[in-house]
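Q: just a sequence and a predicted model for now, questions to come.
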Amino acid sequence: MNLYQKKVNQYPDTETCLICEKQKALGIHLYHSFICLDCEMDIINTKTNDQKYQFYVRRLKQVQISEKRRQA
Ligand SMILES: [Zn+2]
């Protein structure tokens, strides 16, 4: 692990983004997951017929599935 990575992980206001899996400070919470601002904007700007959109949808569905399991 390099020094930069360590520093980022220790920074208290960052969370791991569900989509890009990077440590980010700004973003939204969806259920118990976190989506960074960059990915949120990307999702909004991605057309539904874009292949990337399917990737995002799959990721978001995983959140909902794990949330249902948690409640069960
Ligand atoms: Zn992200």
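A: Okay, I see it. Because the structure is predicted, anything quoted here is derived from the model rather than measured. Numbering: from 1, shown residues only.
Q: now the longest helix along the chain: average pLDDT?
A: Once the chain is assigned using DSSP state H, the helix that runs over the most residues is helix 51-71. Per-residue pLDDT values across helix 51-71 average out to 83.
Q: do stretch 20-31 as well
A: Mean predicted confidence for stretch 20-31 is 91.
Q: follow-up on the earlier one: any part of the longest helix of the chain near the ion?
A: No: using C-beta under 5 Å from the ion as the criterion, no contacts between helix 51-71 and the ion are found, and the smallest distance is 9.9 Å. Where you see a C-beta, it was placed from the backbone N, CA and C, and this is true even at glycine.
Q: residues touching the residue positioned nearest the centre of the chain, list them.
A: By C-alpha atoms, centre = their mean, the mean C-alpha position of the chain lies nearest to residue 18, the distance being 2.4 Å. With contact taken as C-beta atoms under 8 Å, 6 or more residues apart in numbering, residue 18 is in contact with 30, 33, 34, 35, 39, 59, 60, 63.
Q: and if we set it to 7 Å?
A: 33, 34, 35, 59, 63 (C-beta atoms under 7 Å, 6 or more residues apart in numbering).
Q: gap between residue 31 and the ion?
A: Taking C-beta to the ion, to the nearest Å as the measure, residue 31 and the ion are separated by 16 Å.
Q: okay, residue 8: pLDDT?
A: Looking at residue 8, its pLDDT stands at 52.
Q: so residue 27 makes contact with residue 38?
A: No: counting by C-beta atoms under 7 Å, no contact exists between residue 27 and residue 38, whose distance comes to 8.1 Å.
Q: which one of the two has more residues nearby?
A: When residue 27 and residue 38 are compared on other C-beta atoms under 10 Å, the one with more neighbours turns out to be residue 27, at 19 against 15.
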